[in-house]
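Peer 1: please find the sequence and the predicted model below.
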Amino acid sequence: MNRAEAVSYLLRDQPKDPKRDEGVYFAPANIALCKYWGKRNSELNLPYNSSLSISLQQYGAKTMIRPHADRFNRIRLNGQVVDNETSFAQKITAYLALFNMCSVTNYSVDTEINIPVGAGLASSACGFAALAGALGRLYDWELPKSTLSILGRLGSGSASRSFWHGFVEWQAGESADGMDSFGIPLTHLWPELRIGLLIFNTLAKPVSSREAMALTVATSPFYSLWPAKQNADLVRIKEAIATHNFNQLAETAEHNALTMHALMLTATPPILYSLPETLQGMKEVWHCRQRGVPVYFTQDAGPNLKLLFLAKDLPAVLASFPSLQVIAPFEGRDVA
C-alpha cells in the first residue's frame with residue numbers, strides 16, 4: 001500500500017465535496033521524550049518503535065484551507081506567499097495530491113506557525129497535523145482522531161502525536177499497511193511539569209530529519225542497539241508519568257536524546273546538529289544539577305534544547321537561563 005492508497009482507504013466512506021467554504025485547525029507542536037528515529041516503511045512513515053511526546057500548549061500551527069480556482073496551489077506561511085518551487089511548498093503540494101479522490105484540484109493554504117520552521121522544534125509535525133485537520137473540517141469528514149493521526153503521519157511521522165494536548169504515545173503498530181500505527185493520548189495530567197525552550201538558532205537545519213534518519217539507520221554500526229533501548233525507555237517514561245516520578249522521567253528522556261544524537265555521530269558521514277551554544281547549554285544544565293537544581297534537557301534533530309523541570313524550581317532555572325521560553329503543558333487543558 002502506498003500513501004495515496006492509504007488515504008483512499010481511510011476516506012472511502014467520507015464526503016468528497018467540500019461542505020464548508022474553509023477549514024481551520026490548530027495543532028500543537030510536540031516534543032518527544034522517547035524519540036522516533038528509524039522507519040520500517042519510509043513510504044508510510046511507519047516507525048520501528050513506539051515513541052512518546054508532550055505537547056507545547058499554545059505553540060504550534062494553525063492552518064486555514066480553501067478551494068482555489070487557479071491551476072496551482074497558493075501557499076502562504078505566516079502571511080508570506082511561498083514560492084511553489086521551494087521544498088516547503090513542494091512537500092505540501094505532494095501531500096495535497098494524496099487526496100486526489102476529492103473534487104477539489106487545488107487549494108489555498110494559509111498557515112501560521114509560532115515556532116521556528118525546520119529548526120528541530122517539531123514544525124513539520126504540527127504543520128502536517130494542522131493541514132490534515134483543516135482538510136477534515138473543510139470536507140466535514142467524520143473521523144476519529146486516531147484516523148486523523150494516520151493521515152497526519154503520512155505527511156510527517158511525528159504529526160501523529162500532534163492531535164492532542166498533554167502526553168501522547170505513537171504506537172508503532174505491526175501491520176504492513178500502517179492502520180494500527182497512530183497516536184494515543186495518555187490520560188495523566190501533571191500540572192507542575194514545565195517545559196523550557198532554549199533557542200540558539202532559528203535557521204532551517206542543513207540536514208533534514210528524514211535524511212538524517214535514513215542515513216543513521218543505513219550506516220550506523222550501533223543502530224541495532226537502538227530498538228531495545230527505545231522499548232526500555234518507553235516503559236520507564238510511562239511508569240514515571242503514572243507515578244509523577246520527575247527524576248525518572250527526565251533522566252530517561254535526557255539519556256534517550258543523547259543516545260539518538262550519539263547514533264547520528266556514528267553514521268557515515270557523521271551528522272552533528274549541536275552548535276557550541278548547544279553544548280554550553282548542556283553543560284549549564286549539568287552544573288545546575290550539581291548545585292541541586294533538578295533540571296534536565298532533551299534535544300530533537302536540531303541545535304535547540306528543551307528543558308524539563310517542575311514549577312517550584314522555575315526561579316532557580318530562570319537564574320541560569322534568563323531567556324528561557326517557559327511552557328506549562330497542562331495549564332487550562334485536559335488531554336482531549
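Peer 2: Arrived safely, thanks for sending.
Peer 1: residue contacts, residue 221?
Peer 2: residue 266 (CB atoms under 8 Å, 6 or more residues apart in numbering). Bear in mind the C-beta positions are built from the backbone N, C-alpha and C, glycine included.
Peer 1: 10 Å instead, please
Peer 2: Residue 221 sits next to 263, 266, 267, 268 when contact means CB atoms under 10 Å, 6 or more residues apart in numbering.
Peer 1: that one belongs to a helix?
Peer 2: No. Counting by DSSP: H, G, I helix; E, B strand; the rest coil, residue 221 falls outside a helix, being coil.
Peer 1: residue 208 - how many residues pack around it?
Peer 2: Around residue 208 there are 15 other residues, counting by other CB atoms under 10 Å.
Peer 1: where does pLDDT dip in the stretch 1-150 of the chain?
Peer 2: Applying pLDDT under 70 to the stretch 1-150 of the chain picks out residues 118-122.
Peer 1: all strands in it, in order from the N-terminus.
Peer 2: Counting by DSSP state E, counting those that start in this stretch, one finds strands in the stretch 1-150 of the chain at the ranges 23-34, 39-41, 46-47, 51-68, 74-77, 80-81, 106-113.
Peer 1: next: the stretch 201-336 of the chain.
Peer 2: Counting by DSSP E, counting those that start in this stretch, the stretch 201-336 of the chain has strands at residues 296-299, 305-310, 325-327.
Peer 1: what sits against the residue nearest to residue 200 when sequence neighbours are not counted?
Peer 2: Counting by CB to CB, 6 or more residues apart in numbering, residue 200 lies nearest to residue 277, which is 4.1 Å off, once chain neighbours are set aside. Listed by CB under 10 Å, 6+ apart, the contact partners of residue 277 are 198, 199, 200, 201, 303, 304, 305.
Peer 1: chain neighbours aside, what residue packs nearest to residue 171?
Peer 2: Counting by CB to CB, 6+ apart, the residue nearest residue 171 is residue 50, at 5.0 Å.
Peer 1: closest to residue 31 out of the strands of the stretch 201-336 of the chain?
Peer 2: Evaluated over the strands of the stretch 201-336 of the chain, closeness to residue 31 peaks at strand 305-310, with 5.1 Å, by CB to CB.
Peer 1: by contact count, what packs against that closest one?
Peer 2: When contacts are defined as 3 or more CB pairs under 10 Å, 6 or more residues apart in numbering; DSSP states H and E, strand 305-310 packs onto strand 23-34, strand 51-68, strand 193-198, helix 246-265, helix 276-290, strand 296-299, helix 314-320, strand 325-327.
Peer 1: which parts of the longest one are buried?
Peer 2: I take that to be helix 246-265. Buried residues in helix 246-265, counting neighbours by 16 or more other CB atoms under 10 Å, are found at 246, 249-254, 256-257, 259-261, 263-264.
Peer 1: tell me the angle that helix makes with strand 23-34.
Peer 2: Interaxial angle, helix 246-265 versus strand 23-34 (axes from the mean of the first three to the mean of the last three CA atoms, to 10 degrees): 90 degrees.
Peer 1: show me what helix 246-265 is packed up against.
Peer 2: So helix 246-265, by 3+ CB pairs under 10 Å, 6+ apart, packs with strand 23-34, strand 51-68, strand 193-198, helix 209-219, helix 226-243, helix 276-290, strand 296-299, strand 305-310.
Peer 1: rerun that using 7 Å as the cut-off
Peer 2: Here helix 246-265 touches helix 209-219, helix 226-243, strand 296-299, strand 305-310, going by 3 or more CB pairs under 7 Å, 6 or more residues apart in numbering; DSSP states H and E.
Peer 1: do the same with the last one
Peer 2: In this structure, strand 325-327 makes packing contacts with strand 51-68, strand 193-198, judged by 3+ CB pairs under 7 Å, 6+ apart.
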